[in-house]
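> Show me how the following folds:
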Amino acid sequence: TAQHRVAQIVDYNTGTFWQTAVNADNDDFSYNPIKKTHWLQLEFKEETSIKEIAWYCDGVRDKEFLADKIEIRVGTNEKDCVLIGESNIAKGFVGWHYFRMFNMKSSTKDMYQPNNKGLITATFWWL
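Numbers count the residues shown, from 1 in each chain. This next block holds a predicted model:
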């Protein structure tokens, strides 16, 4: 896994560049060659409630690699994940893109619907 790159995701520095990549670290698990998508997998030791995910995008600097759509899936592992929501990102967008869980209502499982505080709880998050 790409554990050594985790620090770049949570360092509060938007100048730090991080992207999943085929063979960058022999992490071909982070690229789906059929859908031509990259993804980020977060696994927690116990169920974790999340209210919001903030993702900094720089559609000027990263124009060749910036996704135009991001899906969020949750579950207990990758085999039982369900889509909870998705969001489009405009070409050339620069700034913070927020995924607020109270808007994520696509889940087919009630347990992954936002609660009355706008939180979704899961152990496995796939973006």
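
> Kindly confirm whether my reading is correct that Ile120 touches Gly75.
No. Assessed by Cβ atoms under 8 Å, Ile120 is found out of contact with Gly75, at 11.2 Å. Glycine gets a C-beta too; all of them are placed from N, C-alpha and C.

> who's more crowded, these two?
Between Ile120 and Gly75, Ile120 has the larger neighbour count (other Cβ atoms under 10 Å), namely 23 against 19.

> By mean pLDDT, point me to the weakest helix or strand of the protein.
Ranking every helix and strand in the chain by mean pLDDT, DSSP states H and E puts strand 31-32 at the bottom, with a mean of 51.

> which neighbours do Ile120 and Gly75 share?
Shared contacts of Ile120 and Gly75, defined by Cβ atoms under 8 Å, 6 or more residues apart in numbering, are found at Tyr112.

> Pull the top strand by length along the chain out as PDB, backbone CA atoms only.
Ranked by residue count and defined by DSSP state E, the top strand of the chain is strand 41-50. The C-alpha coordinates for strand 41-50 follow below in PDB (Å, rounded to 0.1, in the frame of the first residue of the first chain):
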ATOM      1  CA  GLN A  41      -9.200   4.100   0.000                       C
ATOM      2  CA  LEU A  42      -9.500   4.900   3.700                       C
ATOM      3  CA  GLU A  43      -9.900   2.100   6.200                       C
ATOM      4  CA  PHE A  44     -10.500   2.800   9.800                       C
ATOM      5  CA  LYS A  45     -10.100   0.200  12.600                       C
ATOM      6  CA  GLU A  46     -13.500   1.000  13.900                       C
ATOM      7  CA  GLU A  47     -16.600   2.700  12.500                       C
ATOM      8  CA  THR A  48     -15.900   6.400  12.000                       C
ATOM      9  CA  SER A  49     -18.400   9.200  11.500                       C
ATOM     10  CA  ILE A  50     -17.600  11.800   8.900                       C
END
